[in-house]
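A structural model of the following input is requested.
(one chain, ligands or ions: 2)
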Amino acid sequence: MMRLPGFRYRAPRTIADAAAWLAEDPATSMVLAGGTDLLPNMKRRQQTPATVIGLRGIGGFAEMHNGDGLAIGAGVTLANLTADPRIRRHYPGLWQAAAQIATPHLRNMGTIGGNLCLDTRCTYYDQNYEWRKSIDFCLKRDGATCWVATSSPKCLAVSSTDTAPMLQALGASITLMSTSGQRVVPVADLFANDGMHYLTKRPDEILTTIGLPASDGWRSSYWKLRRRGAFDFPVAAAAVAARLDGETIVDLRIVLGAVASRPLEAERAATLLMGQQLTDDAIAAAAAAASEVAKPMDNTDFELVWRKKMVRSLVESALREVRGDDMRARRHQLARQELLSVAGTHA
Ligand SMILES: Cc1cc2nc3c(=O)[nH]c(=O)nc-3n(C[C@H](O)[C@H](O)[C@H](O)COP(=O)(O)OP(=O)(O)OC[C@H]3O[C@@H](n4cnc5c(N)ncnc54)[C@H](O)[C@@H]3O)c2cc1C
Ligand code: SF4
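Ligands and ions are numbered 1, 2, ... in the order given. Below you'll find the model as predicted:
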């Protein structure tokens, strides 16, 4: 059994206290929301903060409010997010992304804020301490070499958050709070394409709110490839948000998940569809362009060539769903493909 290392636990009641305590020593402190990512990482000695600041007791941290769009407290659990009719009705892609995260138990604890700040993942890193020690560790923690690409000066671990690509596609923003005040930045600007330094926020900043723009006229869809349909991290994903005037696309964002150290926007693919109708040919061309952006590495589940190939199919499915196609049969087919992959045969 893996045990947690020793640490000091602090339980603020206000966000101001949390920010002040974090500011005392941001380099050795971490905040804890649901703990479904941080606690396993601490047990594996991947992250070993001396001080853990629990956010669950902070008043108002887990609330949702209507405004111009929807303000979601960073402490809202994934279970509460998916149970909220506003999400299912107005932001279906976000509902699909959150509902496919982990298991019901983990969604009861895991929060949307924790999901956005989720650590990047890699086959050589998501192992216990002894396993990692046996390969002399790696660049991301305690070592000097990246075992995925030994000449790489930077870590290539994979962004594995399901909600981040969808929130980026929806044009969401986040509010970051510290003792120096608060700032609002687009979700797209929270991430860097670096497996070690994957967040641009400062270590003393706490994510307090996710702001969703008004959903008027927008449609959205999220498709994810994973090994087990019951629960698993994404190994490729496509998030699409589109605004249509009649049948013509007037706004579109396509964001790929789990194919780099950050969610990747497929801008050229979106440009191809602007002012166009979502015909089968237009969708196929955009999906092909989107898959060019994906640069999966050999550091997560499934063969990387197949993952890249599947990006095209995921984008195509998301665009067809946004067009209004009934995609239930395709979702079942995807689950079957995943099952066949477990057996070692790609459908
Ligand atoms: C078996 C298993 C399967 C999983 N499957 C998936 C999956 O399919 N898809 C997926 O996306 N995730 C998956 N997860 C990961 C995790 O459960 C979710 O990402 C969850 O949303 C994390 O939220 P949390 O509140 O538990 O985060 P925590 O573990 O509390 O925190 C995660 C990170 O975010 C930071 N953090 C948390 N809240 C804040 C904040 N408000 N401000 C600043 N930093 C913050 C923490 O310091 C930590 O670095 C899985 C986990 C397990 C154990
Ligand atoms: S990508 Fe390289 S440095 Fe990063 S976790 Fe994997 S092996 Fe380590």
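
tell me which parts of this protein are close to ligand 1?
Contact residues of the chain with respect to ligand 1, defined by Cβ under 6 Å from any ligand atom, are listed as 30-38, 40, 55, 74, 78, 101-102, 106, 109-111, 113-115, 117-119, 160-162, 206-207, 231-233. Any C-beta I mention is one placed from the backbone N, CA and C, and that applies to glycine too.

so Glu321 makes contact with Ser221?
Yes: counting by Cβ atoms under 8 Å, Glu321 does reach Ser221; the two are 3.9 Å apart.

settle it for me: which of the two has more neighbours?
Per other Cβ atoms under 10 Å, whichever of Glu321 and Ser221 has more neighbours is Ser221, with 26 against 23.

give me the neighbour count for the nearest residue to Met42 once chain neighbours are set aside.
Excluding its sequence neighbours, the residue lying closest to Met42 (Cβ to Cβ, 6 or more residues apart in numbering) is Leu4, at 5.4 Å. When neighbours are counted by other Cβ under 10 Å, Leu4 registers 12.

Leu4 - that's part of a strand, no?
No: according to DSSP: H, G, I helix; E, B strand; the rest coil, Leu4 belongs to no strand; its state is coil.

next one: it, what pLDDT does it get?
The score at Leu4 is 97. That number is its pLDDT.

and if you look at Arg227?
pLDDT, the model's per-residue confidence, is 89 for Arg227.

could you number the chain from 159 rather than 1 from now on?
Happy to do that; since the first residue is 159 now, the last one works out to Arg385.

the strands in this structure, which residues?
Using DSSP state E, the strands of the chain run over residues 166-168, 187-190, 209-212, 222-224, 228-231, 331-336, 339-344, 364-370, 376-383, 394-403, 406-415, 422-423.

parallel or antiparallel, list what pairs with the second one.
Looking back up the chat, that one is strand 187-190. When pairing is defined by DSSP bridges, strand 187-190 lines up against strand 209-212 (parallel).

just the closest residue of the stretch 359-505 of the chain to ligand 2, please.
Using Cβ to the nearest ligand atom, the single residue of the stretch 359-505 of the chain nearest to ligand 2 is Asn457, 5.1 Å away.

who's in contact with that residue?
Under the criterion of Cβ atoms under 8 Å, 6 or more residues apart in numbering, the contact partners of Asn457 comprise 280-282, 306, 314-316.

and if you look at Ala444?
Ala444 makes contact with 412, 427-428, 430-431, 473, 477, according to Cβ under 8 Å, 6+ apart.

distance of it from Asp242?
As for Ala444, its distance to Asp242 is 31 Å (criterion: Cβ to Cβ, to the nearest Å).

hang on, the earlier thing: what residues do Glu479 and Ser379 have in common as contacts?
398, 485.

tally up the residues packed near the closest residue in space to Ser310 that isn't next to it in sequence, please.
Excluding the flanking residues, the one nearest Ser310 by Cβ to Cβ, 6+ apart is Cys304, at 4.5 Å. Using other Cβ under 10 Å as the criterion, Cys304 is surrounded by 24 other residues.

surely Cys304 and Ala315 touch.
No: between Cys304 and Ala315 there is no contact, the gap being 9.0 Å when judged by Cβ under 8 Å.

want to throw the strands of the chain into CSV with distance to ligand 2?
Converted to CSV, the strands of the chain look like this (distance: least, Cβ to the nearest ligand atom, whole Å):
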stretch, distance to ligand 2
strand 166-168, 27
strand 187-190, 18
strand 209-212, 23
strand 222-224, 34
strand 228-231, 30
strand 331-336, 25
strand 339-344, 25
strand 364-370, 23
strand 376-383, 19
strand 394-403, 17
strand 406-415, 17
strand 422-423, 16
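
can I get the contacts of Ala444 in TSV with distance to Ala372?
Shown next, in TSV, are the contacts of Ala444 (distance: Cβ to Cβ, whole Å):
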residue	distance to Ala372
Ile412	21
Ala427	25
Ala428	20
Leu430	26
Leu431	22
Val473	25
Leu477	22
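
in helices, which of these appear?
Counting by DSSP state H, the part of these found in helices is 427-428, 430-431, 473, 477.

list just the nearest of those residues to Gly217.
Out of the ones in helices among the contacts of Ala444, the one with the shortest distance to Gly217 is Ala428. That distance is 40.0 Å, counting by Cβ to Cβ.

without its sequence neighbours, what residue ends up closest to the residue nearest to the spatial centre of the chain?
Centre of the chain computed as the mean C-alpha position; nearest residue by Cα atoms, centre = their mean is Thr319, 2.1 Å away. What sits nearest to Thr319 in space, not counting adjacent residues and going by Cβ to Cβ, 6+ apart, is Leu276, at 4.4 Å.
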